[in-house]
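Engineer: Prediction below, plus the sequence it came from.
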Amino acid sequence: MTGDIVGIPWIVVLIVLPLTGGMACFLFPTISKSLGLIFALAIFTAVVGLGWQLVEQGAQRYAIGGWGASLGIDLYADGLSLLMLVTAALVGLGVSVYSGAYFSREKAKHFWPLWLLLWAALNALFLSADIFNLYVTLELLGLAAVALIALADGADALNSAMRYLLVSLLGSLFYLLGVALLYHSFGSLDIAILAQRMEPTPAVWSAVGLMSAGLLLKTALFPMHFWLPAAHACAPAPVSALLSALVVKASFYILLRLWLEVFALTDTSLGQLLGLLGATAVLWGGIQALRQTRLKLLIAYSTVAQLGYLFLAFPLGTNIAWKGACYMLLSHAIAKAAMFMAAGNILRFCGHDRIADLDRIAQRLPLTLTAFALAGVSIMGLPPSGGFIGKWLLLEASMSAGQWWWAVILILGGLLAAAYFFRVIGYAFTRAGLTHEVGVVPARMEWAALVLALAAILLGFISPAALELMGIGTPFGGERAG
Amino acid sequence: MSGVFLYALLGVGLFVLGLYALIIHAHLLRKILAINVMGTGVFLVLVALAAGNPDAPPDPVPHAMVITGIVVAVSATALALILMLKVSVATGKNHLSDSTRD
């Protein structure tokens, strides 16, 4: 029995399943809600299947059509891919449950095919072992994400979708030019083969610069975050959750993968620069979040700050630092998805998301506010949440590397996060000057947000097992990677 | 050999030209065209570098990449154009407006 489960090529299933689901939802729009949920559950099960396979057999490589690398396309799964797939599956399942109640019948018809296509692009991206395949999946992801933002009607949403599309295409072209240079230099697109043949030549340096620039633009690292707040704040709530939790992480994943394997020879000055930009993002995002008057914009700026933490691992470059950054990525994804869902509930309930006019949300939407507060605990990095574990590992790494200044940034960032979240929670308890119409929030939307927020806290308790799973196939190298 | 690099440099030139146009023009159609020019530049680099050694037949892999790239570019352009139309219907403007705050 176990042999059968381990024998299934889960890698392929994980790409084919959401793609089929997307097409099914497109062909049968009347039942797209139930179809979407069924496929979401199936994808989640397939991720568990792949996890099992990885635990039993170690890292997996699959040659599509039996061609093998250098001419054919390889798929590859190790602990890092599994981490990303699990993140996508947890957030995806939460968003699927939430969206079943969020969208009207008319919107749902467009949402489900696009969302499952986005999921297919994400899974394919996390499983690609080939830099050109990564480009294709990155483009698929970008196009699906733009279309999802445009689901929210209104001039602001369309404007931000358009800006996001231009930024996304620009980033991909930079990446593609880098791919062209790398292929010319080494005659292969496969990450593992590139890693073996790597040498520092001017063409390679240009490729590293171009690819990093394109990916940083897409990851919205300070100062290239200008497009993110509007796009993430204007989108419908479940889409904001997907964008902040998963889509920006996808380009970060490519950068991380390339950095760990292909760019392994680069010296530390580029790493220091990324760390510096990350630190600025943490502070700048935090200060901007404090200044916002609208809840969704506040959460979007918080994403800018949280993305900064991920880059603090680059100057450190140790095993613990990478694991810390990955733990931050996982817990931020889940907490931020819960937070955007909670914000969506508040928006539905009040009809607006002006922070100062939140009228006694605590009494009237207790589940949603609990979800918001629990997600906030993880974002601030308070124990026992997943965010705390991530920060703790980064702190430990920065202390053992003797670069204590990153630890100062971690603490300042946490304080800023506490400041902006407590401001929201304070307004949620008090009576606002003007009363507003009260909308109905389906219970399903409240519970989806709450369960995800609880999961973000629970991540703090299962960290030993999660860190061990992340290490399958040693994606972060030995004691000192990088 | 130098001919190959001439084409590759031309590709890089197109890329930079497109980037410049993307930044300075506000009109969305010009921005979309600029992205397309940049894409063409990258494709030219790929095809030029595929020729490599003039005696040997050109490497087919970059050609496959260009074909895939063209498919991606066509779909991206189609999405960009329809979004541009929607933006101009919704805002009455054919450029991006910067009202992200209250």
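Structural biologist: Cool, the structure landed. The model shown is predicted, which means the values in this text are computed figures rather than measured ones.
Engineer: Give me every residue in chain B lying close to chain A.
Structural biologist: With the criterion set to Cβ under 8 Å from any Cβ of the partner chain, chain B comes near chain A through B:12, B:15, B:19, B:22, B:28, B:31-32, B:35, B:38-39, B:41-42, B:45-46, B:49, B:52, B:59, B:61-62, B:65, B:68-69, B:72, B:75-76, B:79-80, B:83-84, B:86-87, B:90-91, B:96-97, B:99-102. In short, each C-beta sits where N, CA and C put it, glycine included.
Engineer: Only whichever of those residues are buried, select them in ChimeraX.
Structural biologist: Remark: buried members of the residues of chain B next to chain A, expressed as a ChimeraX selection using 16 or more other Cβ atoms under 10 Å in any protein chain shown:
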select /B:12,15,19,22,28,31,32,35,38,39,41,42,45,46,49,52,59,61,62,65,69,72,76,79,80,83,84,86,87,91,96,100
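Engineer: The residues of chain B next to chain A in helices, which ones?
Structural biologist: B:12, B:15, B:19, B:22, B:28, B:31-32, B:35, B:38-39, B:41-42, B:45-46, B:49, B:61-62, B:65, B:68-69, B:72, B:75-76, B:79-80, B:83-84, B:86-87, B:90-91 (DSSP state H).
Engineer: Which pLDDT value goes with A:Gly482?
Structural biologist: Predicted confidence (pLDDT) for A:Gly482: 35.
Engineer: Any residue of whichever strand or helix holds A:Ala161 touching chain B?
Structural biologist: In the assignment (DSSP states H and E), A:Ala161 maps to helix A:155-186. Yes - counting by Cβ under 8 Å from any Cβ, chain B has neighbours in helix A:155-186: A:155-156, A:158-163, A:165-166, A:169-170, A:173, A:176-177, A:179-180, A:183-184.
Engineer: what's the angle between that helix and helix B:60-91?
Structural biologist: Helix A:155-186 runs at 170 degrees relative to helix B:60-91, counting by axes from the mean of the first three to the mean of the last three Cα atoms, to 10 degrees.
Engineer: list the helices and strands helix A:155-186 packs on?
Structural biologist: Helices and strands touching helix A:155-186, by 3 or more Cβ pairs under 8 Å, 6 or more residues apart in numbering or on different chains; DSSP states H and E, are helix A:131-149, helix A:191-197, helix A:202-219, helix A:228-234, helix B:2-24, helix B:28-51, helix B:60-91.
Engineer: now that helix, how far from the chain's geometric center?
Structural biologist: 18 Å (Cα atoms, centre = their mean, to the nearest Å).
Engineer: low pLDDT regions in the chain?
Structural biologist: No chain specified, so I'll use chain A. Scanning chain A for pLDDT under 70 picks out A:1-3, A:69, A:265-268, A:433-437, A:478-482.
Engineer: that's the wrong chain, I meant chain B
Structural biologist: Scanning chain B for pLDDT under 70 picks out the ranges B:1, B:99-102.
Engineer: middle-most residue in it, spatially?
Structural biologist: B:Gly39 (2.3 Å; Cα atoms, centre = their mean).
Engineer: Could you tell me how far the nearest residue to it once chain neighbours are set aside is located from A:Ile361?
Structural biologist: Sequence neighbours aside, B:Ala73 is the residue nearest to B:Gly39 in space, at 4.8 Å (criterion: Cβ to Cβ, 6 or more residues apart in numbering or on different chains). To A:Ile361, B:Ala73 is 46 Å away according to Cβ to Cβ, to the nearest Å.
Engineer: A:Leu71 should be in a helix, yeah?
Structural biologist: No - according to DSSP: H, G, I helix; E, B strand; the rest coil, A:Leu71 belongs to no helix; its state is coil.
Engineer: got a list of what the spatially closest residue to it that is not a sequence neighbour touches?
Structural biologist: Sequence neighbours aside, B:Val61 is the residue nearest to A:Leu71 in space, at 7.5 Å (criterion: Cβ to Cβ, 6+ apart). The contact partners of B:Val61, taken as Cβ atoms under 8 Å, 6 or more residues apart in numbering or on different chains, are A:71, A:183, A:189, B:50.
Engineer: In space, what's closest to the second one - neighbours in sequence excluded?
Structural biologist: This points to A:Tyr183. Excluding the flanking residues, the one nearest A:Tyr183 by Cβ to Cβ, 6+ apart is A:Leu189, at 5.9 Å.
Engineer: ok now do the one you found, which residues does it touch?
Structural biologist: By Cβ under 8 Å, 6+ apart, the contact list for A:Leu189 reads A:70, A:130-133, A:179, A:182-183, B:61.
Engineer: So it versus B:Leu49, what's the distance?
Structural biologist: Counting by Cβ to Cβ, the gap from A:Leu189 to B:Leu49 is 13 Å.
Engineer: Need the overlap of contacts for the two.
Structural biologist: Overlap between the contact sets of A:Leu189 and B:Leu49, as judged by Cβ under 8 Å, 6+ apart, is given by A:Tyr183.
Engineer: tell me, how many neighbours does residue 13 end up with?
Structural biologist: Went with chain A since none was named. Counted with other Cβ atoms under 10 Å in any protein chain shown, the neighbours of A:Val13 add up to 18.
Engineer: wait, I meant chain B there
Structural biologist: Other residues close to B:Gly13 by other Cβ under 10 Å number 12.
Engineer: What of the one 10 residues further on?
Structural biologist: For B:Ile23, the count of nearby residues is 10 (other Cβ under 10 Å).
Engineer: how near is it to A:Leu166?
Structural biologist: Separation of B:Ile23 from A:Leu166 (Cβ to Cβ): 11 Å.
Engineer: Make sure A:Leu75 is indeed in a helix.
Structural biologist: No - per three-state DSSP, A:Leu75 lies outside any helix segment and is strand.
Engineer: Which strand residues bridge it?
Structural biologist: Counting by DSSP bridges, A:Leu75 forms beta bridges with A:Tyr62, A:Ser128.
Engineer: Next up, the contacts around it.
Structural biologist: Neighbour list for A:Leu75: A:11-12, A:15, A:61-64, A:127-129 [criterion: Cβ under 8 Å, 6+ apart].
Engineer: can you redo the contacts of B:Val61 as CSV with distance to A:Gln403?
Structural biologist: Shown next, in CSV, are these (distance: Cβ to Cβ, whole Å):
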residue, distance to A:Gln403
A:Leu71, 43
A:Tyr183, 35
A:Leu189, 35
B:Ala50, 44
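Engineer: just the buried members of those?
Structural biologist: Buried members of these, scored by 16+ other Cβ under 10 Å, are A:183, A:189, B:50.
Engineer: For the second one, what are phi and psi?
Structural biologist: With angles defined as degrees, to the nearest 10, A:Leu189 sits at phi -110, psi -10.
Engineer: And the one 10 residues further on, by the same measure?
Structural biologist: Summarising the backbone geometry of A:Glu199 under the convention degrees, to the nearest 10, its torsions are phi -140, psi 150.
Engineer: do you know how far it is from B:Phe5?
Structural biologist: A:Glu199 is 20 Å from B:Phe5, by Cβ to Cβ.
Engineer: cool, A:Thr30 as well?
Structural biologist: A:Thr30 is 58 Å from B:Phe5, where distance means Cβ to Cβ.
Engineer: Same question for A:Lys391.
Structural biologist: With Cβ to Cβ as the criterion, A:Lys391 and B:Phe5 are 49 Å apart.
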